[in-house]
Every structure is written in structure tokens, then in C-alpha cells.
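A.B. asks: Turn this into a structure:
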Amino acid sequence: MFTGIVEERGEVLAVEQLPDAARLTVSGPLVTVDAKHGDSIAVNGVCLTVVDVAGGAFTADVMAETLRRSSLAKVGAGDPVNLERAAAVGQRLGGHIVQGHVDGTGVVWSREPAEHWELMRIGMPDRLARYVVEKGSIAVDGVSLTVVEVGDSEFTVSLIPTTLELTTLGLRQPGDLVNLEVDVLAKYVERLAVPHLSTIDPARAGDNGPRVGGSEEAR
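C.D. replies: The predicted structure follows:
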């Protein structure tokens, strides 16, 4: 489990293509201080298992399913990435519960600078829209953020100077892909509620009922 509080911005040193997988070597002096074989490190929000540590860098394998669902399929040597070690028992939960199990990718639609912060608008797959709510939490490239506004196929988050400076979100431009992980609690609630939805009066469901159909791709 992670908290969505990025510890450092690392750099991809090498990408080795394997049959139905890839092997990444990533520079991360801070996250490798106490890292060892078998540890979990989130790379742009994707939980990866460390297979080797050497010289301030670690190596991890990325399975086909992860490549299909996340933007790690497109990373190359020299690319910056957000890094976070797994949460330790007893530490403060500064962000929210992040599993490192990316649900899909979104597309940066726009960036709107303000005096001391910035708004980022991100398109999302329709299948994730029902889990994104105003004032709720979402992980974008592994960064825990609060949703400011939600549309039918997009949402807006605000980025403070620290986030812009210390994470890859400060480098993202319109058209860039970002990894999205919705709040796992919302998915559990839906799973538990679905068997009972047929007994709910639609008039009492408001505007937050389940959505059906639509494109799987972010617009």
C-alpha cells in the first residue's frame, strides 16, 4: 500500500523488452537507501516489485497486464518518474489509500496557471467516471490529489507549487498520458451495493447512479 505522497522524482535508466513483459532500471537514490529484493516501489503510481538494487538504482519487471493498463508501456531511458516506497506501519497517511494498481490512463486536457497554484484538467475513460467525485481522492501518476470538479468524461485537480516542483505533473503537457487509480473504497461500495440496486427507488438515487456504456478511451 502507498499514500500518494511522492518521495522523489527518479529517472528511467534502461528499458529491456521481454516476451509479454518489460524490465525497467530506475535511478532513485532516496527510495533505494533501504530497498532490497522483493520490496514494493511505486513508479508513476504502478506498484512494482524490486528484483535488484545497485548504485542508487533498482530494477523491476513489468507484466503485460500492467503495460496494457498503464503508461509504463511508453517510458524510455531518460524519462522522469514519480517514486514512492510502500507505506510503513505506524506512519502518517498524508494522502489516501493508494494500492499501486492502476485502473487506466487519462489524457491531460489543459493546464491553467494561477498565482500560487495551477489547475489541471484530465480526460478519463468512461468506465472510471462513476468512481470520481468532487472533493474525493484520485491518484494521478501516483500523486494523491483532491478532485476539484467533475464532468461527464473529465475531472479537474489543483496542483500546489510543491507538487509541480517535485513530481512529474509539473512536466506534463496537454496530450500527455497519465496513470489513474480511483479510490478503491468506491469500488468496494459499488460491489457491495450492486445486488441491491434493483430495489432502490431511482427518484432517491440522485445524479450519482451507475453509468452504463460509453467509450473506454479518455477523450
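A.B. asks: Going by C-alpha atoms from here, please, whenever you check contacts or count neighbours.
C.D. replies: Fine.
A.B. asks: how long is stretch 165-172 from one end to the other?
C.D. replies: The first and last residues of stretch 165-172 sit 12 Å apart, counting by C-alpha to C-alpha, to the nearest Å.
A.B. asks: And for stretch 180-188?
C.D. replies: By C-alpha to C-alpha, one end of stretch 180-188 lies 17 Å from the other end.
A.B. asks: Provide the partner residues of residue 182 in its beta bridges.
C.D. replies: residue 138 (DSSP bridges).
A.B. asks: And for residue 15?
C.D. replies: With DSSP bridges as the rule, residue 15 is bridged to residue 24.
A.B. asks: what mean pLDDT does the helix ranked longest in the chain have?
C.D. replies: Secondary structure of the chain per DSSP state H: the longest helix is helix 184-193. Helix 184-193 carries an average pLDDT of 85.
A.B. asks: Repeat that for stretch 125-139.
C.D. replies: For stretch 125-139, the mean confidence score works out to 94.
A.B. asks: export it as PDB, just CAs?
C.D. replies: Only the C-alpha atoms of stretch 125-139 are listed here, as PDB (Å, rounded to 0.1, in the frame of the first residue of the first chain):
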ATOM      1  CA  PRO A 125     -12.100   6.600 -19.500                       C
ATOM      2  CA  ASP A 126     -15.900   6.400 -19.200                       C
ATOM      3  CA  ARG A 127     -15.700   3.200 -17.100                       C
ATOM      4  CA  LEU A 128     -13.900   5.200 -14.300                       C
ATOM      5  CA  ALA A 129     -16.100   8.200 -14.300                       C
ATOM      6  CA  ARG A 130     -18.600   6.900 -11.700                       C
ATOM      7  CA  TYR A 131     -15.800   6.500  -9.200                       C
ATOM      8  CA  VAL A 132     -14.600  10.100  -9.400                       C
ATOM      9  CA  VAL A 133     -16.500  12.600  -7.200                       C
ATOM     10  CA  GLU A 134     -16.000  16.200  -6.300                       C
ATOM     11  CA  LYS A 135     -13.800  16.600  -3.200                       C
ATOM     12  CA  GLY A 136     -12.900  12.900  -3.500                       C
ATOM     13  CA  SER A 137      -9.400  11.500  -3.900                       C
ATOM     14  CA  ILE A 138      -7.700  10.200  -7.000                       C
ATOM     15  CA  ALA A 139      -4.100   9.200  -7.800                       C
END
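A.B. asks: Next, the buried residues of that stretch.
C.D. replies: For stretch 125-139, a neighbour-count test (16 or more other C-alpha atoms under 10 Å) marks 125-133, 136-139 as buried.
A.B. asks: ok, now stretch 90-99?
C.D. replies: 95, 96, 97, 98, 99.
A.B. asks: what do you get for stretch 12-19?
C.D. replies: Residues of stretch 12-19 classed as buried by neighbour count (16+ other C-alpha under 10 Å): 12, 13, 14, 15.
A.B. asks: Could you take these and lay them out as TSV, with extra columns for pLDDT and distance to residue 22?
C.D. replies: Below are the buried residues of stretch 12-19 laid out as TSV (pLDDT from 0 to 100; distance: C-alpha to C-alpha, whole Å):
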residue	pLDDT	distance to residue 22
12	98	13
13	98	13
14	98	10
15	97	7
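A.B. asks: Among these, which one lies nearest to residue 63?
C.D. replies: residue 15 (13.0 Å; C-alpha to C-alpha).
A.B. asks: can you give me the helices for the protein?
C.D. replies: 64-69, 126-129, 161-166, 184-193.
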